[in-house]
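> this one's structure only:
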C-alpha cells in the first residue's frame, strides 16, 4: 500500500457508445477507483456516473477536476452555449445531451471535455508512446475509425474536430470490389477498414482471421494510404495506431513496409527512412489511453 | 505621398524557383520598394538580394527584420544546425543552401524563415482572406501543389512540414486514364492536378482551356477530394485556394458543389452546409500573399 499522497486527485471518464469507464487517480501507477457503467439512456448513465464519483471521492478524497473524453460528435467550442454537449450523434436518445455541464453542476468540480480520441491521444502524450512529442497522430481502428493528436503542442480542434476516419482513399475496385459500408461515404477509410468492414467483407471478425488471411495485406494497404495522407497533411513526429483491430500486431510490419514504399523516398526524414519501426507504433498505454487521457485532461485543466 | 512613419520597416522575400521577389514595407498599403531577382545560382541570387536590401534600406530606413518564405524542401527546426537552409531540392545548385543565415550575417538583421506556402498563408491570416481565423488551410495550385496554414493559431510545422500536394486520392482510371506525373508518386494530387499535369493531360495550359472544357470538372473533382480530406484531417475554419491554376475562377463553384456532395451531410457545420461560398475562397491578397506574408513574418519576429 502506498502512503497517502498530497498530490491532487482527478476523475476521468472514457465515455463510449457502449460503456462509460469512470476512474479516479493520479496516473498509470496511481489509480484508486474504477467503474464501468453501461451506456443506456443519458439520464441513467450520467446519474450512475455522478453517483460513482460522489461515492468514491467521499472515500478517496476530493477531486480537483474531472476530464471527459466522449463519443460524439461533440461541441468543443468554449464560447458555444452547447459546449460540452454530444450534438448530432446517431446513438438513440443521446442527441443534444449536456455531458460536461451536468457533471460540473452535479459534482461541483471543473470539467475538461474533449473527444474520446483526443483524450486517448493526450493520455499517450502524457504517459505513453507520444511522450516528449508536440506533433503526433493517434488513430483508433475499431468499431469506427477516428483520429486525434497534438499539433504544435495543442490538441487538434478546429471548425468541428477531425473526422479522420472519413478520409477518401485511392482504391482498386478490381482487386477489392467491396463497396464499403459508411452510411455517408461508402468507401471512405472507415467504410473500408473498420472492424465492421472487415466482418462484412470477410464474414469473420478481425480476431477470427488467421495471420495469413488476405484480409491483412488489404487492411494494411488502406491503413498505409491513410498514414501517408497524415504524413503529407500534418507532418506528425509519430503515428500511433490503436483500437481493437490494431490488437492484430502483425499488421504493424505490413503497414510500415507499405508506407515506406508509398512515400517512395520523397520525404527525406530519417524518422521515416531509418526509423519506421519507431514512427508507426502501438499505444504505450494499451487499452487504457482513453481513461488515463481523461485524467491527464483534468490535470491540465487545474494546472492551466 | 504619405508622411514618414515611425512604425518599424520590414523586409520580405518570396523566394521561388524562378524568381526572388524582394520587398520593403509595412503592409499592403505601405510598400516602399520591390525587386524581382531571377533564381539562378545561390551565389548570384543571394548576392543580388543582399544588395537590394542594402541599397533600398539606405534610402528607405533601417529594417527591423526580414521574413523569408522560401521554396524547398527547407529546414525549419530551430535547433537544427541547418535551420534556414534549402535542403534536398531537385533544383540544380541549390541543395544544402544556407538562405536565412547568409541574409542574417550579411545584413545584420533578425531573419524569420518558413516555407513559401506558410508565408503566403500567414499573409492571408494577417491581411487577407483568413483574418481572425486560427485554423485554416492555404493551398496553392500552380507549377506544383503545396499547402500550409495555421492550426490553433500556429503555422503548420512538424516532422518536416506538410507536403499536401502529395496526398493520395481516389480515382477512376476508366474515366481518367492519365497516369499522373509526380516523379515520386505518379498520381498523387500534384501529379494529377498541378498546372503541368493539366498541360500534359490536355495538351494546353490552364489559361488555354475554355471554361466549357472537360478539363475543369475533372480538375474540380480532384481538388474537391483534396478539400474533403483536409476537412476530415484538419477541420479548418476556411480553405483558401490560390496559385496560377486557381486564377480560373470558374473552378470555385465547381469545387464547392462537389465538396458538399462528397461530404454528404456528414459534418453538420453551418460554415460548410450553409456557407460554402465563404468556406472555400480565393486569396484575399491575390498574388501578393507570399511577399506580404514574408513582411508579416518579420513583423511577428520583432513582436515576439
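Looks like it arrived, so ask away. The structure displayed is predicted, hence computed values, not measured ones.

> Which helix or strand contains the residue nearest to the spatial centre of chain A?
In chain A, the residue lying closest to the centroid (Cα atoms, centre = their mean) is residue A:117, at 2.5 Å. Counting by DSSP states H and E, the element that carries residue A:117 is helix A:116-127.

> Give the other helices and strands that the helix or strand following that helix contacts.
Proceeding N to C from helix A:116-127, the next assigned helix or strand is strand A:136-141, under DSSP H and E. For strand A:136-141, the elements it packs on are helix A:116-127, strand A:145-151, helix A:215-234, strand A:238-242, judged by 3 or more Cβ pairs under 8 Å, 6 or more residues apart in numbering or on different chains; DSSP states H and E. C-beta coordinates here come from the backbone N, C-alpha and C atoms, glycine included.

> can you tell which of those is closest to residue B:247?
Ranking these by proximity to residue B:247 (Cβ to Cβ) places helix A:215-234 first, at 24.5 Å.

> and the angle from that closest one to helix B:215-234?
90 degrees (axes from the mean of the first three to the mean of the last three Cα atoms, to 10 degrees).

> In chain A, where is pLDDT below threshold?
A:1-5, A:158-161, A:268 (pLDDT under 70).

> Chain B contacts on the stretch 51-200 of chain A?
Within the stretch 51-200 of chain A, the positions adjacent to chain B are A:73, A:87-88, A:135, A:147, A:151-152, A:154, A:156-171, A:184-185, A:187 by Cβ under 8 Å from any Cβ of the partner chain.

> Now stretch A:74-93: buried residues?
Residues A:74, A:75, A:76, A:84, A:85, A:86, A:87, A:88, A:89 are the ones in stretch A:74-93 that count as buried (16 or more other Cβ atoms under 10 Å in any protein chain shown).

> What lies in contact with that stretch?
Stretch A:74-93 is contacted from outside by A:17, A:39, A:41-42, A:68, A:70-73, A:94-101, A:104, A:111, A:113-115, A:157, A:160-161, B:268, using Cβ atoms under 8 Å, 6 or more residues apart in numbering or on different chains.

> wait, what's in contact with residue A:133?
Residue A:133 touches A:125, A:150, A:237, A:238, counting by Cβ under 8 Å, 6+ apart.

> now, which of those sits nearest residue B:282?
Nearest to residue B:282 out of the contacts of residue A:133 is residue A:150 (Cβ to Cβ; 31.2 Å).

> what's across from the closest one in the sheet?
Under DSSP bridges, the beta-bridge partners of residue A:150 are residue A:136, residue A:155.

> Could you tell me the angle between the helix holding residue A:117 and strand A:136-141?
130 degrees.

> quick check: angle from helix A:116-127 to strand A:238-242?
Using the same axes, to 10 degrees, the inter-axis angle of helix A:116-127 relative to strand A:238-242 is 120 degrees.

> Packing partners of helix A:116-127?
Applying 3+ Cβ pairs under 8 Å, 6+ apart, one finds that helix A:116-127 contacts strand A:9-15, strand A:63-70, strand A:136-141, strand A:145-151, strand A:154-155, strand A:238-242, helix A:289-303.

> Let me have these in TSV, adding mean neighbour count as columns.
Supplementary listing: the helices and strands packed on helix A:116-127 in TSV, determined by neighbours: other Cβ atoms under 10 Å in any protein chain shown:
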stretch	mean neighbour count
strand A:9-15	27
strand A:63-70	26
strand A:136-141	28
strand A:145-151	27
strand A:154-155	18
strand A:238-242	25
helix A:289-303	25
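
> Pull out the buried positions in stretch A:36-53.
Using 16+ other Cβ under 10 Å as the burial criterion, the residues of stretch A:36-53 that qualify are A:37, A:39, A:42, A:45, A:46, A:49, A:50, A:52, A:53.

> Show me the contact partners of the helix or strand hosting the fourth one.
Using DSSP H and E, the secondary-structure element containing residue A:45 is helix A:42-60. Under the contact criterion Cβ under 8 Å, 6+ apart, helix A:42-60 has outside partners A:9, A:11, A:13, A:20, A:22, A:24, A:32-33, A:35, A:37-39, A:63, A:66, A:93-94, A:97, A:99, A:102-103, A:106-107.
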